[in-house]
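Participant: this is a predicted model, with the sequence first.
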Amino acid sequence: MRPVYSLSVFMPLAVGLKLGHASAPLVFFSSALAVVPAAALMSEATEQLSERSGPGVASLLNVTFGNAPELIIAFFALLDGLQEVVKASLVGSVIGNCLLVLGAAMVAGGRNRTRQRFERTAAQTNSGLLLVTVIALILPAVLVLAHGDNLPAVGVIHHSFGSQAEHLSLVVSIVMIAIYLAGLLFSLRTHRDLFNPSRGQQLGPAAWSVRRSVVVLTAAAVLTGVMSELLVGSIERASSDIGLSQFFVGAFVVAIVGNAAEHYVAVVAAARDKMDLAVNIAIGSSAQIGLFVAPVLVILSFAFGPSPMALVLNGYELVALIAAALISTTLIADGESTWFEGVQLLGVYTLLGVLFYYA
């Protein structure tokens, strides 16, 4: 059993604290910790079911469930009208994957090794997707600034940018999803050999039956939804009680929780000298958040949210995205990594965290 499942004790604890009307910080942190094992279980069930299926079904599963925890958490926040928290968590997920996860993986893998090598072409493909993600996420802000309007201020829960920005966000989202689907076709079908290196990184035969995988996956999704509802419902009061802005909580705490399962898998893979897998998880997941999760949330906001969500980021988020994309894509361009490169990535993540704290 993975050590991460020991956190399952926080599931009944979070529910009990909520029913007992405990303080918001206690409910928030217990539900945040409870999301982690639920997300890990969802990840494992998806992996097992993918092993039983062909590549076409596997790609569908990865699209549907790979980023499900982030989608579920953000969707509940969207229903509560916390649009700026949603955007902060999306940005936090992107920078968390390509700085925190990749940095920690490089440190863990390079600790006892001079350098680690990985497939350069696959890494550059994911880097390209990450840069496309950043460009797409910047465009709505460019429109707002060009019209002489202001970007959203930190601390604002909801900001109306007008129908033009909302419609541009919708069009951008549709294009981003199309690029993401094309990326799936490229990596899982036409050029799948680039993303399946032969250095012992293939997964073994599935141990679970299809029925067990589906049941576990469904149960994990329900648990993630319940814990996410508790988490989102306590954000406003908890952030106020502990003296942190909702902006910081969304960008760092919620983002780290939503990506916990991927963080764990990437670091363990790097420590076992499977750096191809670690890089694909870190950079690939960053691109997936921007090209799939963010667009889906924009589309859902038109149907379920109190109002459509425009993908207009504030200045801090724009700087964080650009900085994270530039340094991470630069450091993996040579197809090699060292522990010191990991330290550099973690250093930038820490600096951004300090910036967001004082924002």
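Facilitator: It's in.

Participant: which residue is the nearest non-sequential neighbour of residue 81?
Facilitator: residue 306 (4.6 Å; CB to CB, 6 or more residues apart in numbering). For the C-beta atoms, the positions are set from N, CA and C on the backbone; glycine is no exception.

Participant: what is the burial count for the one you found?
Facilitator: 13 (other CB atoms under 10 Å).

Participant: please apply the same query to the one 4 residues further on.
Facilitator: Per other CB under 10 Å, the neighbour tally for residue 310 reads 28.

Participant: which SS state does it fall under?
Facilitator: Local secondary structure at residue 310 is given as coil here, using DSSP: H, G, I helix; E, B strand; the rest coil.

Participant: residues in contact with it?
Facilitator: By CB atoms under 8 Å, 6 or more residues apart in numbering, the contact set of residue 310 is 140, 161, 165, 166, 168, 169.

Participant: from those, which is closest to residue 36?
Facilitator: residue 169 (30.6 Å; CB to CB).

Participant: ChimeraX command for the buried members of the contacts of residue 310?
Facilitator: Selection command for ChimeraX covering only the buried members of those, criterion 16 or more other CB atoms under 10 Å:
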select :140,161,165,166,168,169
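
Participant: lowest-confidence one in the contacts of residue 310?
Facilitator: Lowest-confidence member of the contacts of residue 310: residue 161, scoring 81 (pLDDT).

Participant: ok, and the closest non-adjacent residue to that one?
Facilitator: residue 310 is the one closest to residue 161 (CB to CB, 6+ apart), at 4.4 Å.

Participant: for the one you found, give me phi and psi.
Facilitator: phi -90, psi 140 (degrees, to the nearest 10).

Participant: and what of residue 337?
Facilitator: phi -140, psi 150.

Participant: give me the neighbour count for it.
Facilitator: 28.

Participant: pretty sure it is touching residue 108, no?
Facilitator: No: the criterion here is CB atoms under 8 Å, and residue 337 misses it with residue 108 at 10.8 Å.

Participant: quick one on the thing from earlier: for the residue nearest to residue 161, give its distance to residue 88.
Facilitator: Using CB to CB, to the nearest Å, we find residue 310 at a distance of 14 Å from residue 88.

Participant: likewise residue 357?
Facilitator: From residue 357 to residue 88 the distance is 13 Å (CB to CB).

Participant: residue contacts, the residue nearest the centre of the chain?
Facilitator: Taking CA atoms, centre = their mean, the centroid of the chain lies closest to residue 93, which sits 3.8 Å from it. By CB under 8 Å, 6+ apart, the contact list for residue 93 reads 70, 255, 258, 259, 285, 286, 289, 293.

Participant: picking up where we left off before, out of residue 357 and residue 88, which sits in the busier spot?
Facilitator: residue 88 (29 against 13).

Participant: so that one touches residue 317, yeah?
Facilitator: Yes: look at residue 88 against residue 317 with CB under 8 Å: they come within range, at 6.8 Å.

Participant: identify the contacts common to the two.
Facilitator: If you check residue 88 and residue 317 against CB under 8 Å, 6+ apart, the residues they both contact are residue 251.
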